[in-house]
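J.: just need the structure, nothing else, for what follows:
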Amino acid sequence: MAASVNKVERLELKDQFKHTLEEARIVLPGIQAIFGFQLIAVFNQQFAKSLDPTEQKLHFLATALLALAAMLAMTPSALHREGQPDCVSTRLVRLATLCLTGAMVPLSIGLSIDLALLAKIIFQDAMLARILGASLLALAVLLWYVIPNVLRRYLNERTDDIQIQREPS
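T.: Model prediction:
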């Protein structure tokens, strides 16, 4: 019998949490950089000239959503530091994962709004701007939620073909 193509290694609880924190460390700098650019844009003279009051409020909403995404991405560290500094639990791993996954929602919406506003300024076409913003949001949903869930379901259905390996204790 040929070796299975699908090998899965179960992680220990401490390693699961470590991976979650590493994922947060990857996402957070991007959120912070985008948030910084959003704040700077407001103080640019072109901001008032290029965006009408409604669009300026949309930019504010996008900035607020990015701030929320940053807070959610930083929450796993705070949960561990303040809630369980001397241990790791399944509950902590689940909460941290939920926070990080949840951060992607306001992140994707905020990015989509800002892309639409930027497209409107550059192309002077409100419909194209809406299409581009909606397309980015749809792509984020596809890449961050749909494909991972389809993959998880596929792998769960094929558990007979998967060899689960554990490290020796």
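
J.: name the nearest residue to the most centrally placed residue in the chain, ignoring sequence neighbours.
T.: Among the residues of the chain, the one closest to the centroid is Met104, at 2.7 Å (Cα atoms, centre = their mean). Counting by Cβ to Cβ, 6 or more residues apart in numbering, the nearest residue to Met104 once its immediate chain neighbours are dropped is Trp144, at 5.0 Å. In this view, the C-beta of every residue, glycine as well, is placed from N, C-alpha and C.

J.: for the one you found, give me the pLDDT.
T.: If you check Trp144, the pLDDT there is 94.

J.: burial of it, as a residue count?
T.: Neighbours of Trp144 under the rule other Cβ atoms under 10 Å: 15.

J.: using the three-state scheme, assign the residue nearest to the centre of the chain.
T.: helix (DSSP: H, G, I helix; E, B strand; the rest coil).

J.: tell me the pLDDT of it.
T.: At Met104, the pLDDT value in this model is 94.

J.: report the contact partners of it.
T.: Contact analysis of Met104 by Cβ atoms under 8 Å, 6 or more residues apart in numbering lists 27, 69, 140, 144-145.

J.: could you identify the buried members of these?
T.: 27, 69, 140 (16 or more other Cβ atoms under 10 Å).

J.: against Ile113, how distant is the second one?
T.: To tie it back to what came earlier, the one meant is Ala69. 12 Å (Cβ to Cβ, to the nearest Å).

J.: ok, the first one next?
T.: The spacing between Val27 and Ile113, counted by Cβ to Cβ, is 19 Å.

J.: what segments of the protein are helices?
T.: 13-42, 45-50, 53-78, 90-123, 126-141, 147-157 (DSSP state H).

J.: next, the distance between the ends of stretch 81-89.
T.: 13 Å (Cα to Cα, to the nearest Å).

J.: which other residues reach it?
T.: Applying Cβ under 8 Å, 6+ apart, the contact partners of stretch 81-89 are 13-14, 17, 80, 92.
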